[in-house]
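Participant: I need the structure of the sequence given here:
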Amino acid sequence: MARYLLRRLAFLVVSLALASVVLFVLLRMLPGDPANALTAVGASDEQIAAARHAIGSDRPLPEQFTHWLGQLATGDLGTSFVSSLPVGPEVTARLNVTVPLTLAAFVLAVLIAVPAGFVAAHKRRTWYGALLSGVSQLGIAVPVFWLGMILIAVFALNAGWLPAGGFPQDGWAAPGDAIRSLVLPVVTIALVMSASLIRYVRSATLDVLGSDYLRNARALGESFGTAMWRHGLRNASVPVISVLGIELASTLLGAVVVESVYALPGLGSLLATGIAQHDYPVIQGVLFVSTLAVLLIGFLADLVQRIVDPRLRGRLSGGAR
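Facilitator: Here you go, the predicted model:
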């Protein structure tokens, strides 16, 4: 296991390094000059050249890249071209919105999808089993921004129970207001995510229900619940864990849509602002942190799979010898 962890950590570091190279190169290939964001309309060539020199965009690309890597090695994400403020603290402040939003939506989606997916598989020949399957198929086709606007219209504008958007200026210093402002965004993401997860849970459960080991356990006198708990749960959870990791990562990256609908000051809105202003340090900082989070989620999902499934641990031990 120690050797496996070292290999995975090495792969994570190499992947992060390659991602930083791709990110840096692609940003410099985008049309537009970041110096234009610092100068007024109709600025002279001398003013534009001075702005480029001030932000360092006139230096050779290899020099800019090594400078950025040096900053990353010290935990510094750079300084915004537009605001002249450090990017790191701004990203951290935005994560205080995006991370609770993503994790709460993920937990709610799992709480909805696991029992619903199991019922859809176990009771697939009943009307409510078919209904659950149909609703999950329908939910996959619903755009998240459309669902968000529907929830705003129903629960914020008409009922007035929850705020339509925004986040408290004091942040989590006012926890009650902060939680209320995240209720609708969390429900929006969770409903869309759970629709997809129900399909995977249903498929994994159907595989277990049709397995020989479950039938043998029932033939030996175990009840259905005991057989599922002792033999089926672990086998059904292995493919679902992989899907959960992918869903969590995609939710973190896709939060920009929900944050835009609900006007939340999260990581997505910071990225959108950085792109609009050609603020390279902000864009690089947000995407680097997002890439790191996605790689860590994948690493943890793979690790949990190996802990849950003894066959993977045995394969790992065999490879170590």
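Participant: residues contacting Met193?
Facilitator: Met193 makes contacts with 105-106, 109, 113, 247, 251, as judged by Cβ atoms under 8 Å, 6 or more residues apart in numbering. Where you see a C-beta, it was placed from the backbone N, CA and C, and this is true even at glycine.
Participant: ok, 10 Å please
Facilitator: Listed by Cβ atoms under 10 Å, 6 or more residues apart in numbering, the contact set of Met193 reads 105-106, 108-110, 112-113, 139, 144, 244, 247-248, 250-251, 254.
Participant: Give the buried residues for the helix or strand encompassing it.
Facilitator: Assessed by DSSP states H and E, Met193 sits inside helix 175-209. Neighbour-count burial for helix 175-209, counted by 16 or more other Cβ atoms under 10 Å, picks out 177-178, 181-206, 208-209.
Participant: helix or strand right after that helix?
Facilitator: helix 212-219.
Participant: what's the angle between that following helix and helix 175-209?
Facilitator: Counting by axes from the mean of the first three to the mean of the last three Cα atoms, to 10 degrees, helix 212-219 lies at 80 degrees to helix 175-209.
Participant: Please state the offset of the helix holding Met193 from the chain centre?
Facilitator: Distance, stretch centre to chain centre, for helix 175-209: 13 Å (Cα atoms, centre = their mean, to the nearest Å).
Participant: and the spatially most central residue of the chain, helix, strand or coil?
Facilitator: For the chain, Leu252 is the residue whose C-alpha lies nearest the centre (Cα atoms, centre = their mean; 2.1 Å). Following DSSP: H, G, I helix; E, B strand; the rest coil, Leu252 is assigned to helix.
Participant: List the residues that contact it.
Facilitator: 95, 98-99, 101-103, 105-106, 267-268, 289-290, 293-294, 297.
Participant: Could you rerun that using 7 Å?
Facilitator: Leu252 is in contact with 102, 290, 293, counting by Cβ atoms under 7 Å, 6 or more residues apart in numbering.
Participant: Which of those residues fall in helices?
Facilitator: 102, 290, 293 (DSSP state H).
Participant: residue contacts, Ile275?
Facilitator: Contacts of Ile275 (Cβ under 7 Å, 6+ apart): Ile283.
Participant: Quickly find the element holding it.
Facilitator: Using DSSP H and E, Ile275 sits within helix 267-276.
Participant: now that helix, how far from the chain's geometric center?
Facilitator: 16 Å.
Participant: pull the CA atoms of that helix into PDB?
Facilitator: Only the C-alpha atoms of helix 267-276 are listed here, as PDB (Å, rounded to 0.1, in the frame of the first residue of the first chain):
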ATOM      1  CA  LEU A 267     -14.800  30.600  -7.400                       C
ATOM      2  CA  GLY A 268     -16.800  30.500 -10.600                       C
ATOM      3  CA  SER A 269     -17.700  34.100 -10.500                       C
ATOM      4  CA  LEU A 270     -14.000  35.000  -9.800                       C
ATOM      5  CA  LEU A 271     -13.000  33.000 -12.800                       C
ATOM      6  CA  ALA A 272     -15.600  34.700 -15.000                       C
ATOM      7  CA  THR A 273     -14.400  38.100 -13.900                       C
ATOM      8  CA  GLY A 274     -10.800  37.200 -14.500                       C
ATOM      9  CA  ILE A 275     -11.600  36.000 -18.100                       C
ATOM     10  CA  ALA A 276     -13.500  39.100 -18.900                       C
END
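Participant: That one - what's its average pLDDT?
Facilitator: Helix 267-276 carries an average pLDDT of 86.
Participant: Please apply the same query to stretch 85-99.
Facilitator: Per-residue scores along stretch 85-99 average to 90.
Participant: got the contact list for that stretch?
Facilitator: With Cβ under 7 Å, 6+ apart as the criterion, stretch 85-99 contacts 76-80, 167, 171-172, 255, 264-268, 270, 281-282, 285-286, 289.
Participant: could you flag which of the residues you listed are buried?
Facilitator: Buried residues within those, counting neighbours by 16+ other Cβ under 10 Å: 77-80, 167, 255, 264-268, 270, 281-282, 285-286, 289.
Participant: list the buried ones in stretch 9-21?
Facilitator: Under the neighbour-count criterion of 16+ other Cβ under 10 Å, stretch 9-21 has 15, 19-20 buried.
Participant: scratch that, stretch 215-233
Facilitator: Across stretch 215-233, burial judged by 16+ other Cβ under 10 Å covers 217, 222, 227-228, 231-232.
Participant: again, but for stretch 85-105
Facilitator: Buried, per 16+ other Cβ under 10 Å, within stretch 85-105: 86-88, 90-91, 94-98, 100-102, 104-105.
Participant: Could you list which of the residues you listed belong to helices?
Facilitator: Using DSSP H, those in helices are 87-88, 90-91, 94-98, 100-102, 104-105.
Participant: Low-confidence bits of the stretch 201-321 of the chain, can you list those?
Facilitator: 310-321 (pLDDT under 70).
Participant: any weak-confidence spans in the stretch 1-150 of the chain?
Facilitator: Short version for the stretch 1-150 of the chain, where the test is pLDDT under 70: 1, 37-43.
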